[in-house]
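K.L.:
Test case, fold it:
(one chain, ligands or ions: 1)
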Amino acid sequence: MRQRIFAAGAMLMALLCHALPAQALGQKKLAWFDQPPIDAVAMAHNGQAARLYVDAADYAGVLRAAGDLQGDIARVSAAKPVLSKDGKPAGADVIIIGTIGKSALIDQLVAAGKLDVSAIKGKWEGWQVQTLRKPLPGVERALVITGSDKRGTIFGIYEMSEQIGVSPWNWWADVPAAKHANVYASAAAAVSDAPVVQYRGIFLNDEAPALTGWVQQRYGGFNHQFYEKVFELILRMRGNYLWPAMWGEAFYDDDKLNGKTADEYGVVIGTSHHEPMMRAHDEWRRYGEGKPWDYNRSGDKLREFWTQGLRASQGQEKLITLGMRGDGDEPMSEGANVSLLERIVGDQRSIIAKEVNPDVTKVPQVWALYKEVQEYYEKGMRVPDDVTLLWCDDNWGNIRRLPTAEERKRAGGAGIYYHFDYVGGPRSYKWINVTPLPKVWEQMHLAWQYQANKLWIVNVGDLKPMEVPIEFFLTYAWNPEAWPAERLPDYLKLWAAREFGPEHADDIADIVAKYAKYNGRRKPEQLEPTTYSLVNYNEAARIVDEYKSIAARAEKISAALPANKRDAFFQLVLYPVKAAAVVNELYVTAGQNQLYGLQGRASTNDLAARARALFTEDAELVRQYHEDISGGKWNHMMSQTHLGYTYWNQPPRNVMPPVTEMQVPKAADMGVAVEGSEQVWPGPGGDALALPALDVFEKQARFIDIFNRGQQAFDYTVSASEPWITLDKPSGKVARQQRVLVNVRWAEVPDGVRTATLTIAGAGGKTTIKVPLRKPAGAAALKGFIETGGVVVMEAEHYTHAVAVDQRAWQLIPDHGRTLSGMTALPVDAPADDKPRMRLEYEVQLFSAGKVEVQTTLAPTQKFQPGAGLRYAISFDDEAPQVINVHADGSEKAWERTVSDGATVLISHHNIDKPGPHTLKFWVVDSGLVVQKLVVNTGGQQPSYLGPPESPRQ
Ligand code: REL
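P.N.:
So this is what the prediction gives:
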């Protein structure tokens, strides 16, 4: 069994966030800065550093990483350690680093019985850290970092670097290392680890204009000086795999040292899903002699081209992509068929046998089942058993297919290609992070459980600003078991404590979780001025407030942080939060401006000005990123356009959403608007304005807006028909507009349903609006979720009863979803229950009977197993559960809607025999779905993006 080094979450959090300095992401503690345990090794003490010993014969990548540890110790302490290759450790405290079988010192310690490496020996990337007492003559104490193979040792080294306070993002996000006079290591018993997912990597893609502009300025091209930084970052996060940038770039061709350097560092290279045989797409443009990318017409040339790909990467660790798509990441032409593709793969394997290893089954190969290629597979195309099947998401973070029980037996295993960034329909997203960690968790947990564990690779766009999800993806891949859903909030707290110290860690974690969650509701690229309802459920204003509130919190933390942490904070927290807040407010402001224009409000022009200011602020934030932080180090890195999309592809320039301006007459002129309506008085429908009902169960105020349609201010009065109606501003002056809150003293309101009125007078005008009220007799005695405004709304996690069967369990996935969270049934690979038993029950109180509809909001799970689609069932009380197939509508349009909305909303129809208490039941039929929210619409639901907010519950 694997050994795990993860301590119990809650206890560790308490220690980390309140008592100890920030360190790694929940690993077992190996480093101390004061009061070390007895026999701890002094890595640095009173200005003296322990010597580091490596074997000159060890892997070049190990020697290089040992140099990083040497630098990291110096970075943290005032001491500069010596890195020695003489094989003769001496001194009170020493650090010995080496790979089993490659380091004479390590092998000697093992042979002498001083070091037991049986926990990692023979494992892929296993590492072990142990502190030994008197292991060698003349040595009092030794910190021994051992690896089962090259990367194992490197990961052990970086484990120590991280634990002494050097973040993997020290260079890539300027996270400073905290200074400590003394640094100690202690692991009296061996601490060892090894990954679950064999290949864990990132794909630099869609890299223009941001990454490309930055690389050109800093390195003059995608050369090995640039890639060294990427390799180090990947290894520091204990990843091992890269698909290099390919928008006009060619890894092996642009700089002949790229491949060699990767291999030395210890990073496995692959070419992306549609670039077979270690050749970049652009190389065919360079060397294809203008021939078509078509196997029927250019077979000889292609075989030669691919042969060269293997030669250019000869002897270097790689994963070879097989197969072929059309030119430029397109499907192959009509004529292409399964037998042609099978022939292509066969020919590619012959080349591999010739160039790499006659036993081709020993050469790691991948076949990516991307887009239409998956259909070829479903139609029967197969590749040899040793080839890894790389299943893909739908480019929007939802895995399209996972191995069946039968497919899990394949020797080559399976992997996942995932996206945090995408260029394509329904709309590209390549700016800031829009993929919340709980969503990544939920999807990659599926992958893990369905044993797609050979390889995980994620498209990370320009790399920045995807720092947070990238590290989570790689960390989760190392050991998914260490991160059950309930530990997700801990993950970000540990991360924030490591990067910025414990003081603000909880707050930072919350801010980072929230901005990604908010962006996941609707990606900034897909926002329209009317995405969020401007009138119903206060939706648009609520969205803006939520964003503004986290932006304000981030500003405050930034000001409170020591100056040396602010650049990192800007990159990792402040910029993405503020930028997302500004963009959301911009669209809402433009929407409101257009509505106000139609309503004739004098403040229309103010909103146009506000929109312009926000548009300017968006550009100013980019400028700060490029010029003000880190001495201009990140110039170009935020140059991705993100405003003014008109179709799937990015706009060439940021364009402000259109705003309305109007000529405002001089004379005062009163208008009145009510919550929940676009209509105003005076105007069409303006004589019958009514507020949404005030309801005793909600006890929530409503509002009216008294606004000016002219320039001169006017006085107004509002009078109520009933003495128990309260108004926060019953009279006053209106320059532009005045919001008046309408409430009631519920104790004085008679039972029943009634309508009161408000009379509003000003600027010579007068109008009356209706105030409906509801206070059913015996309201206090009712239980459950209460119908108000013609709906009953429940967040899935607020069930009344959760029923699980057969050792199964309900799992809450915190923050997974557009509103609160998600609920899923574990294990996610349990067989279907055609007579559903497992369920969540919700007690509701309905005031109406007859036909109702239930809207069930689910995560956008794809049909990841063969079959007709994944199903849940839904029922009221004792009616037979209606089975709903989430994938019944397999159209492109339905999918576009799901991914754009970040949710699947499905409707079922029910008949309620009589008003009163009822139980709504959500049943599990197939595994793997995530339910997030339920809305019972008895006829009152108003249009909005996220649906009505949760109902009152008694
Ligand atoms: O996101 C994807 O997987 C693809 O669209 C890209 O990999 C694609 O290759 C594109 O960047 C250029 O060809």
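K.L.:
how about the residues of the stretch 401-550 of the chain that lie near the ligand?
P.N.:
422-424, 459 (CB under 6 Å from any ligand atom). For the C-beta atoms, the positions are set from N, CA and C on the backbone; glycine is no exception.
K.L.:
Highest neighbour count among those residues?
P.N.:
Neighbour counts for those (other CB atoms under 10 Å) peak at Asn459, which has 24 neighbours.
K.L.:
Who is that residue paired with across the strands?
P.N.:
Beta-bridge pairing for Asn459 (DSSP bridges): Phe203, His419.
K.L.:
Tyr532 belongs to a helix?
P.N.:
No - Tyr532 is assigned coil when assessed by DSSP: H, G, I helix; E, B strand; the rest coil, not a helix.
K.L.:
Is the residue lying closest to it once chain neighbours are set aside in a helix, a strand, or coil?
P.N.:
Distances taken as CB to CB, 6 or more residues apart in numbering place Ala540 nearest to Tyr532, at 4.1 Å, with adjacent residues excluded. Recorded secondary structure, Ala540: helix (three-state DSSP).
K.L.:
pLDDT score for Ala540?
P.N.:
Per-residue pLDDT puts Ala540 at 98.
K.L.:
For this structure, what lies in contact range of the ligand?
P.N.:
205-206, 272-274, 281, 328-329, 395, 422-424, 459.
K.L.:
Nearest to the ligand within this protein, name that residue for me.
P.N.:
Across the chain, the shortest distance to the ligand (CB to the nearest ligand atom) belongs to Asp329, at 3.5 Å.
K.L.:
Would you confirm that that residue contacts His274?
P.N.:
Yes - in this structure, Asp329 is within contact of His274 by CB atoms under 8 Å, at 5.0 Å.
K.L.:
on that earlier part again, and the residues of the stretch 401-550 of the chain next to the ligand, which two are furthest apart?
P.N.:
The distance between the two most remote of those (CB to CB) is 11.0 Å, for Gly424 and Asn459.
K.L.:
Where does Lys729 fall, secondary structure wise?
P.N.:
Assigned by DSSP states H and E, Lys729 belongs to no helix or strand.
K.L.:
Excluding chain neighbours, give the residue nearest to it in space.
P.N.:
Nearest to Lys729 is Val740, by CB to CB, 6+ apart, at 5.0 Å.
K.L.:
Just the residues contacting the helix or strand where that neighbour lies, thanks.
P.N.:
Under the criterion of DSSP H and E, Val740 resides in strand 737-744. Residues from elsewhere that reach strand 737-744, judged by CB atoms under 8 Å, 6 or more residues apart in numbering: 601-603, 691, 694, 701-708, 716, 718, 722, 724-730, 732, 758, 771, 773.
K.L.:
hmm, try it at 7 Å
P.N.:
Strand 737-744 is contacted by residues 601, 603, 691, 694, 701-708, 716, 718, 724-729, 732, 758, 771, 773 when judged by CB atoms under 7 Å, 6 or more residues apart in numbering.
K.L.:
model confidence over the helix or strand just after it, on average?
P.N.:
As assigned by DSSP H and E, the chain's next helix or strand after strand 737-744 is strand 752-762. For strand 752-762, the mean per-residue pLDDT is 98.
K.L.:
by how many degrees do the helix or strand following strand 752-762 and strand 737-744 diverge?
P.N.:
With elements assigned by DSSP H and E, the helix or strand that comes after strand 752-762 is strand 765-775. Calculated by axes from the mean of the first three to the mean of the last three CA atoms, to 10 degrees, strand 765-775 forms an angle of 30 degrees with strand 737-744.
K.L.:
Run the chain-centre distance for strand 765-775.
P.N.:
Using CA atoms, centre = their mean, to the nearest Å, the mean C-alpha position of strand 765-775 is found 45 Å from that of the whole chain.
K.L.:
helices and strands around that strand, which ones?
P.N.:
Counting contacts by 3 or more CB pairs under 7 Å, 6 or more residues apart in numbering; DSSP states H and E, strand 765-775 packs against strand 670-674, strand 694-695, strand 752-762.
K.L.:
quick one, which of the ones you listed is packed in tightest?
P.N.:
strand 670-674 (a mean of 25; mean count of other CB atoms under 10 Å).
K.L.:
low-scoring pLDDT stretches of this structure, where are they?
P.N.:
The model of the chain has pLDDT under 70 over residues 1-23, 334-336.
K.L.:
coming back round to it: taking the residues of the chain next to the ligand one by one, which sit in helices?
P.N.:
Counting by DSSP state H, the part of the residues of the chain next to the ligand found in helices is His281.
K.L.:
Could you list which of the contacts of strand 737-744 belong to strands?
P.N.:
694, 702-708, 716, 718, 725-727, 732, 758, 771, 773 (DSSP state E).
K.L.:
Type out the PyMOL command that picks the buried ones from those residues.
P.N.:
To isolate the buried members of the ones in strands among the contacts of strand 737-744 in PyMOL, using 16 or more other CB atoms under 10 Å:
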select buried, resi 694+702+703+704+705+706+707+708+716+718+725+727+758+771+773
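K.L.:
rewinding a little: put together JSON lines for the helices and strands packed on strand 765-775, with distance to Asn536 on each row.
P.N.:
Shown next, in JSON lines, are the helices and strands packed on strand 765-775 (distance: least, CB to CB, whole Å):
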{"stretch": "strand 670-674", "distance to Asn536": "12"}
{"stretch": "strand 694-695", "distance to Asn536": "15"}
{"stretch": "strand 752-762", "distance to Asn536": "20"}
